[in-house]
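[1] make a model of this:
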Amino acid sequence: EVQLQASGGGLVQAGGSLRLSCAVSGGTVDDYSIGWFRQAPGKEREAVSCISGYDGTTYNARSVKGRFTISRDPAKNTAFLQMNSLKPEDTAVYYCNARTRINAYWGQGTLVTVSS
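    Predicted coordinates for the structure are as follows:
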């Protein structure tokens, strides 16, 4: 069974950077489309960044475009979300997701708090 382990969250000042990791076990990171989602208090979960398992095409939400970068390292079997120029509105619990046409898996969340 595929399991995802998200890590890398923490407290950072506005303008700072964090890198989130999503370690994949029970599967190969390249075989899945990987997505990062976030959920702020009182809000719905939203997609932040995704990378296609077919051709590596990436997608970034408008709110993070130019600041966040999604990538994956097959050698580490891990996907990453590099977050730069963080803003207080980026504060949320971040979740990673791995999916194929048939299945979808979620990791536990990692909390990112951006202070002003």
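[2] list phi and psi for the most centrally placed residue in the chain.
    Note on the chain: the residue nearest the mean C-alpha position is W36, at 3.0 Å, using Cα atoms, centre = their mean. Phi and psi for W36, reported as degrees, to the nearest 10, are phi -110, psi 130.
[3] surely it meets L18?
    No. Using Cβ atoms under 8 Å, W36 is not in contact with L18, being 11.9 Å away. Yep, even glycine has a C-beta here, placed from its N, CA and C like the rest.
[4] related to what we said a few turns ago, check contacts around the residue nearest to the centre of the chain.
    When contacts are counted by Cβ atoms under 8 Å, 6 or more residues apart in numbering, W36 touches 20, 22, 47-50, 68, 70, 79, 81, 94-97.
[5] and the pLDDT for N77?
    Reported pLDDT at N77 in the predicted model: 97.
[6] count of neighbours near it?
    16 (other Cβ atoms under 10 Å).
[7] please begin residue numbering at 34 from this point
    With the count now opening at 34, the last piece we talked about shows up as N110.
[8] residues touching it, list them.
    Neighbouring residues of N110 by Cβ under 8 Å, 6+ apart: 56-58, 61-62.
[9] return the subset of those residues lying in strands.
    The strands, defined by DSSP state E, take in 56-58 from the contacts of N110.
[10] among the residues you listed, the buried ones, what's the PyMOL command?
    Buried subset of these, written as a PyMOL selection, criterion 16 or more other Cβ atoms under 10 Å:
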select buried, resi 56+57
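[11] between the ones in strands among the contacts of N110, which is closest to N93?
    V57 (20.8 Å; Cβ to Cβ).
[12] from G142, how far off is I135?
    For I135, the distance to G142 (Cβ to Cβ, to the nearest Å) stands at 24 Å.
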